[in-house]
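> show me the folded form of this:
(2 chains)
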2 protein chains.
Amino acid sequence: MAEHTVKAFDEDIGRLRGLISQMGGLAEEAIDGAMRSLQRGDLDLAQEVRAADKQIDAIESEVERLVVRIIALRAPMANDLREVVAALKIAAVVERIGDYAKNIAKRVPLIEGEHRIEPISIIQAMARMAAEMVHDVLDAFAARDAKAAIEICERDNALDDFYDAIFRTLVTHMVENPKTISEVAHLLFVAKNLERIGDHATNVAEMVYFAATGTQMAEREKGE
Amino acid sequence: MAEHTVKAFDEDIGRLRGLISQMGGLAEEAIDGAMRSLQRGDLDLAQEVRAADKQIDAIESEVERLVVRIIALRAPMANDLREVVAALKIAAVVERIGDYAKNIAKRVPLIEGEHRIEPISIIQAMARMAAEMVHDVLDAFAARDAKAAIEICERDNALDDFYDAIFRTLVTHMVENPKTISEVAHLLFVAKNLERIGDHATNVAEMVYFAATGTQMAEREKGE
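Model prediction:
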């Protein structure tokens, strides 16, 4: 590339990274807000989380427009093209993470019924683990840190085990408290959403690894 | 564009449409296979469905490479660019639809336990409705048919109502047959996956509408 093109490309990439990091921050906030609203039965906060999802969607559209512009105007090659395409895919995944958080917030009114159910608290620790994965994988993207990306994929196994334990706990709770079955069924979906957030953080980690190294991380069985 | 560029672009677009249509066919087959394996408790078929998902993933990667090449080499504008970007996004959504089908197949061994549970049959009709939405929305994409796209979005409301009815049926079944709670919990996820497939078909319909008309379909509340 000519020098002025390189400079323009660097500016574009900087803006792209900024947008992704902004999306990531919003997604983390959404997970945190959804889980706080669930813990407290705070319907107003749940509504705020649902409304805030539109911002994430808007940034994703902006990423998409910027990526098309970069490919069309700067014609990036090799490493640079890989990074631009990775940014596009990562934005799509972060948007999905936001959707899962929104989905948790949507269930708050369905769970806050007449029966206060105890297992809500054990899901909070799982949520923190998932939110940290999202946070750390976006840091890894910003730093092009392939090693951190591998480490995040490994954490997903622990999250999956956590999910399995919660699934069993919730089913046991249903058996022992049949009146709460409907509410606990919604909690099952909450736990599943958190497990999926971990899967998506893992997907992003694989994209970060590929963008940074140009090779695929060894094929792993996804928890889809 | 110069005439030879137009011809090359048309060939590229034709190939892109072919790939999307191929992905759509595989996704439909995956839904069908997953539901048949669930109905019959056919673990071999369930395993085949899981294995076949790799093909869908491979075509998505091919779409991605082709789109980047088209944008970089043909520099499409306006309508053409909109269609190319829509193809990229549609491929990503179809890949997710394939994941939901794979996820249903993964649950077959968990549901085929010691208790044969009756509500499996009512979910089949819901699956047919979801698979038809996927089929029809990809036809609408191939035909650039904005009217068909609107009609598919409307069908999603019926699918959501179906899901709500199944959710209630399954919860009632759990209350009345506590020994089946664990298996029925997996069926809840199957129903939820089908509902999500409908949401994704709706997302594709919105993209088809935008690609065909250049305007957004009126903002709808997604069932996320």
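
> output the longest helix belonging to chain A.
Identified as the longest helix of chain A according to DSSP state H is helix A:3-40.

> find the nearest non-adjacent residue to the residue nearest the centre of chain A, please.
In chain A, the residue lying closest to the centroid (Cα atoms, centre = their mean) is residue A:97, at 3.4 Å. Distances taken as Cβ to Cβ, 6 or more residues apart in numbering or on different chains place residue A:27 nearest to residue A:97, at 4.6 Å, with adjacent residues excluded. All C-beta spots, glycine's among them, are computed from the backbone N, C-alpha and C.

> wait, the one you found touches residue A:134, no?
Yes - taking contacts as Cβ atoms under 8 Å, residue A:27 lies within contact range of residue A:134: 5.9 Å.

> now do the shared contacts for the two.
Counting by Cβ atoms under 8 Å, 6 or more residues apart in numbering or on different chains, the residues touching both residue A:27 and residue A:134 are A:94, A:97.

> those two: who's more crowded?
Neighbour tally, residue A:27 and residue A:134, criterion other Cβ atoms under 10 Å in any protein chain shown: the higher count belongs to residue A:27, 29 against 26.

> ok, now which ones touch the nearest residue to residue A:38 once chain neighbours are set aside?
Leaving aside its sequence neighbours, residue A:38 sits nearest to residue A:108 (Cβ to Cβ, 6+ apart; 5.3 Å). Counting by Cβ under 8 Å, 6+ apart, residue A:108 makes contact with A:34, A:37-38, A:41-43, A:46.

> and what about residue A:108, helix, strand or coil?
Residue A:108 falls in the helix class when you classify it by DSSP: H, G, I helix; E, B strand; the rest coil.

> residue A:163 versus that one, what's the distance?
Distance from residue A:108 to residue A:163, counting by Cβ to Cβ, to the nearest Å: 20 Å.

> that older thread, who are the contact partners of the residue nearest to residue A:97?
By Cβ under 8 Å, 6+ apart, residue A:27 lies in contact with A:56, A:94, A:97-98, A:101, A:134.

> would you mark the buried spots in stretch A:130-148?
Buried residues in stretch A:130-148, counted by 16 or more other Cβ atoms under 10 Å in any protein chain shown: A:130-138, A:140-141, A:144-146, A:148.

> picking that back up, any idea which helix or strand comes after the longest helix of chain A?
The helix or strand immediately downstream of helix A:3-40 is helix A:43-74, counting by DSSP states H and E.

> same question for that next one, mean pLDDT?
Mean per-residue pLDDT for helix A:43-74: 94.

> so the nearest residue to residue A:216 once chain neighbours are set aside, which state does it fall into?
Beyond its immediate neighbours in the sequence, the residue positioned closest to residue A:216 (Cβ to Cβ, 6+ apart) is residue A:210, lying 5.9 Å away. The three-state label given to residue A:210 by three-state DSSP is helix.

> chain B versus residue A:95, what's the distance?
Distance from residue A:95 to chain B, counting by Cβ to the nearest Cβ, to the nearest Å: 10 Å.

> that residue contacts residue A:26, doesn't it?
No - with contacts defined as Cβ under 8 Å, residue A:95 does not count as touching residue A:26, sitting 10.0 Å away.

> can you list residues touching both of these two?
Counting by Cβ under 8 Å, 6+ apart, the common neighbours of residue A:95 and residue A:26 are residue A:56.
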